[in-house]
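In: sequence and predicted structure, then a few things I'm wondering about:
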Amino acid sequence: FDLRKNVPWLISGFRHLLTTGPGARLLLVGSGLTKPACRLMALPLGNAVRFAGQVPPDDLPAYFAASDVVCSVPRGSESFGIVLLEAMAAGKPIVGTDIAGYRDVVEHEVDGLLVPPGDTPALTEALRLLVEDRERRETMGLRGREKARRFDWGGIAGSTVAIYEDVLGRSTPEADNERIRSERVHSL
């Protein structure tokens, strides 16, 4: 696991969750340099933590679909939380770090829960809230699925074409003359 992805913190928060709500399971997907350290950290948790390793991108939707909650807690800014949108498209609520990039995707208390980076009690509580409350998970998952549809490539392509058409429509000499006339009238 990439250190930026903060997997040791996630394991720590999950460990605290197990002290109050046994029965939860954590499946970690990915690979990287800290994997042996994470395995050692998870060892006391026994079968509650599983490592799937690196999975093909085409298999990720199945992992999202099989989960109750998707958690991604990187340390710092992310340019955009595409993994969050993928999970939301599968109808899953998110527990994520309250960082730039993720705030652009997840609306706290609407389609997921955002926690301050490094705040283990907040992470544990967010996990607990979603693990214990099926109705909240389902509601957030439905809202997330609705949001993810706005980022569908068909919708993005349509929006992009509309922007180009709008720009092209305003750049015609007739449109420019009309805009200038309108500005002159409003300035009188």
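Out: On my side now, so go ahead.
In: from Pro117, how far off is Val110?
Out: According to CB to CB, to the nearest Å, Val110 and Pro117 sit 20 Å apart. To be clear about C-beta, it is placed using only N, CA and C from the backbone, and glycine gets the same treatment.
In: again with Tyr164
Out: 38 Å.
In: got it, and Leu85?
Out: Distance of Leu85 to Pro117, computed by CB to CB: 20 Å.
In: higher neighbour count, the two?
Out: Legend: neighbour count by other CB atoms under 10 Å for Leu85 and Pro117, higher for Leu85 (20 against 16).
In: the more buried one: which element?
Out: In this assignment (DSSP states H and E), Leu85 forms part of helix 82-89.
In: list the helices and strands the helix or strand just after that helix packs on?
Out: Following helix 82-89 in sequence order, the next helix or strand is strand 94-97 (DSSP H and E). Contacts defined by 3 or more CB pairs under 8 Å, 6 or more residues apart in numbering; DSSP states H and E place strand 94-97 against strand 70-72, helix 82-89, strand 112-115, helix 120-132.
In: what pairs with the shortest one, parallel or antiparallel?
Out: Right, the one you point to is strand 70-72. Here strand 70-72 has these sheet partners by DSSP bridges: strand 94-97 (parallel).
In: count the residues that sit near Ile163.
Out: By other CB under 10 Å, the residues close to Ile163 number 10.
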